[in-house]
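Peer 1: Provided below are the primary sequence and the corresponding predicted coordinates.
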Amino acid sequence: MQTLDDQRAFMSESIIRLMRRALDAPDLAGAVTPILEELVDRTAAAGSAYFQTDGLTPAFHARAAAGYLPESEGMNAILAHGLPAETPLMQALRGSRLPLFYDDTTLSSETEGFPDLGVCSLAAAPVRNRDGILIGAFLMHTFVLHAWSTDEAGVFSAVAETLTGLTARLAAEESAVLAREAAVSAREAALRALGLGLEYKDRETRGHTDRVTDLALRLGRQVGLDASALQALRWGGYLHDIGKLAVPDGVLLKPGKLDAQEWAVMQGHVSEGERFADALDFLPPATREVIAGHHERWDGTGYPRGLQREEIPFPARLFALCDVYDALTSDRPYKVAWTPGEALNEIGMQAGRHFDPELCAVFLQLLGG
């Protein structure tokens, strides 16, 4: 039986593999199938599959599978002709942004037809293109009744979200018109998935990646950053703490104060993040600057290099404000969340010490009204 730490470790490792496949995979099946196989190994699912529309017929065709599929005439028909678009499950996925879980397929009209295939329990996640249109479905199933556990649902949801970016990219690349745009979208989805993978490991920071990135983009727009600078900032937001994947759980998840040795290990996440960023040669310099510099302080007391004032790259100075604000206003093992007013007051007091005073004034105006 997998422990929660095992599941988190699996997710962190899988997210990294998915990101690499999203960037390098030559085809959809080659990218997705190994991940489906590992998912089957890590849950009670007997099999898992990905269905995708070809845009020409009103059906969703199997593009990748792992484990055991139902052996029946009905399943053979689906493999030959596709899963009809009007299938109740596909209709349900059109109206859902989140995965759907069915412990007993005989009890829901949305799983009509699956009991006839021999599928007793089912989980399904929608895959959409950049316009929000349903283009596929990621499924896993059992042949005996099974109540999906919280851990299984978490693993399935996280993997499905990552696979959404991967499969949407590969589907788009199959169309020459969208190939260039798809490459950018794939990188975007894969980088965000890395940030979410870290959150799965450290559940106390759940939602931090999206919150702090959105806030940084608001501040970036307020100071007039252009589209390319905002993209670099957004990618920096996704990856700013990626080096924490290399921090041992005993340090990362410690509920109390870190001792000097543990703090040194924690600070090492910045250099680990830089090392990771160096391996991705498509990252713009500003993205790397966020990763390397968001723990530096205006007065030179930050880490890892003790940079001060304008020595700290502008994107890092901007992102630091947003990162600290979100940390202050979030519950953590060592503190309760501060109110927005308390956090803004503290940030104002740190102008010229922790933060660039000019940027700090803009930030306070943006959030303080």
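Peer 2: It's in.
Peer 1: all strands of this structure, in order?
Peer 2: In the chain, the strands defined using DSSP state E lie at 47-53, 59-67, 83-84, 100-102, 121-128, 134-142.
Peer 1: Tell me which of the ones you listed sits nearest to L367.
Peer 2: strand 121-128 (31.6 Å; CB to CB). For the C-beta atoms, the positions are set from N, CA and C on the backbone; glycine is no exception.
Peer 1: Distance check, the spatially closest residue to K254 that is not a sequence neighbour against G256.
Peer 2: Leaving out its chain neighbours, the residue that sits closest to K254 by CB to CB, 6 or more residues apart in numbering is E262, at 6.9 Å. Noted for E262: a distance of 10 Å to G256, by CB to CB, to the nearest Å.
Peer 1: who has more neighbours, those two?
Peer 2: The neighbour comparison of E262 against G256 (other CB atoms under 10 Å) goes to E262, with 17 against 8.
Peer 1: Would you confirm that the more buried one contacts L252?
Peer 2: No. Assessed by CB atoms under 8 Å, E262 is found out of contact with L252, at 9.7 Å.
Peer 1: possible to save the strands of the chain as a markdown table with distance to A229?
Peer 2: Below are those laid out as a markdown table (distance: least, CB to CB, whole Å):
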| stretch | distance to A229 |
| --- | --- |
| strand 47-53 | 35 |
| strand 59-67 | 37 |
| strand 83-84 | 43 |
| strand 100-102 | 39 |
| strand 121-128 | 28 |
| strand 134-142 | 31 |
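Peer 1: which stretch among those strands comes nearest D323?
Peer 2: Here strand 121-128 is closest among these (CB to CB), at 29.6 Å.
Peer 1: helices or strands up against that closest one?
Peer 2: Counting contacts by 3 or more CB pairs under 8 Å, 6 or more residues apart in numbering; DSSP states H and E, strand 121-128 packs against helix 88-94, strand 100-102, strand 134-142, helix 150-173.
Peer 1: among those, which is the most enclosed?
Peer 2: strand 134-142 (a mean of 24; mean count of other CB atoms under 10 Å).
Peer 1: was I right about M75 contacting V119?
Peer 2: No. Look at M75 against V119 with CB under 8 Å: they stay out of range, at 9.2 Å.
Peer 1: higher neighbour count, these two?
Peer 2: Taking other CB under 10 Å, M75 and V119 do not tie; V119 has more neighbours (22 against 16).
Peer 1: so C120 sits right up against A147, yeah?
Peer 2: No. Using CB under 8 Å, C120 makes no contact with A147, being 11.0 Å away.
Peer 1: more crowded one of these two?
Peer 2: Neighbours were counted for C120 and for A147 using other CB under 10 Å; C120 has more, 20 against 10.
Peer 1: Report the contact partners of the closest residue to V144 other than its chain neighbours.
Peer 2: Counting by CB to CB, 6+ apart, V144 lies nearest to C120, which is 5.5 Å off, once chain neighbours are set aside. If you count contacts by CB atoms under 8 Å, 6 or more residues apart in numbering, C120 has them with 104-105, 141-146.
Peer 1: Name only those of those residues that count as buried.
Peer 2: 105, 141-143, 146 (16 or more other CB atoms under 10 Å).
Peer 1: Any regions of the protein where pLDDT drops low?
Peer 2: Within the chain, the ranges that satisfy pLDDT under 70 run 1-26, 162-163, 165-186, 188-190, 193-206, 332-335, 369.
Peer 1: Kindly report which residue of it is located farthest from the centre.
Peer 2: Going by CA atoms, centre = their mean, the residue of the chain most distant from its centre is E73, 37.9 Å out.
Peer 1: quick one on the thing from earlier: present the helices and strands packed on strand 121-128 as CSV; the columns should include distance to A125.
Peer 2: Listed next are those as CSV, based on distance: least, CB to CB, whole Å:
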stretch, distance to A125
helix 88-94, 8
strand 100-102, 8
strand 134-142, 4
helix 150-173, 4
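Peer 1: Indicate which one of these is closest to T329.
Peer 2: Short answer: helix 150-173, nearest of the helices and strands packed on strand 121-128 by CB to CB, at 24.4 Å.
Peer 1: picking that back up, which one of the strands of the chain lies nearest to L366?
Peer 2: strand 121-128 (31.1 Å).
Peer 1: Where does the record place the domain boundaries for the chain?
Peer 2: 4-190, 208-368 (automatic domain parsing).
Peer 1: wouldn't R305 be in contact with R297 here?
Peer 2: No. With contact defined as CB under 8 Å, R305 does not reach R297; the gap is 10.9 Å.
Peer 1: The two: which has the busier surroundings?
Peer 2: R297 (20 against 14).
Peer 1: Now do that one against T87, distance only.
Peer 2: R297 is 56 Å from T87, by CB to CB.
Peer 1: cool, F138 as well?
Peer 2: 15 Å.
Peer 1: ditto for E152
Peer 2: In terms of CB to CB, E152 sits 24 Å off from T87.
Peer 1: Need the buried ones among the contacts of C120 in a markdown table (columns: distance to I347).
Peer 2: Output for the buried ones among the contacts of C120, formatted as a markdown table (distance: CB to CB, whole Å):
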| residue | distance to I347 |
| --- | --- |
| T105 | 52 |
| H141 | 50 |
| T142 | 50 |
| F143 | 56 |
| H146 | 49 |
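Peer 1: wait, doesn't F143 sit right on V119?
Peer 2: Yes. If you go by CB under 8 Å, F143 and V119 touch, sitting 6.9 Å apart.
Peer 1: which residues are common contacts for these two?
Peer 2: By CB under 8 Å, 6+ apart, the residues touching both F143 and V119 are P70.
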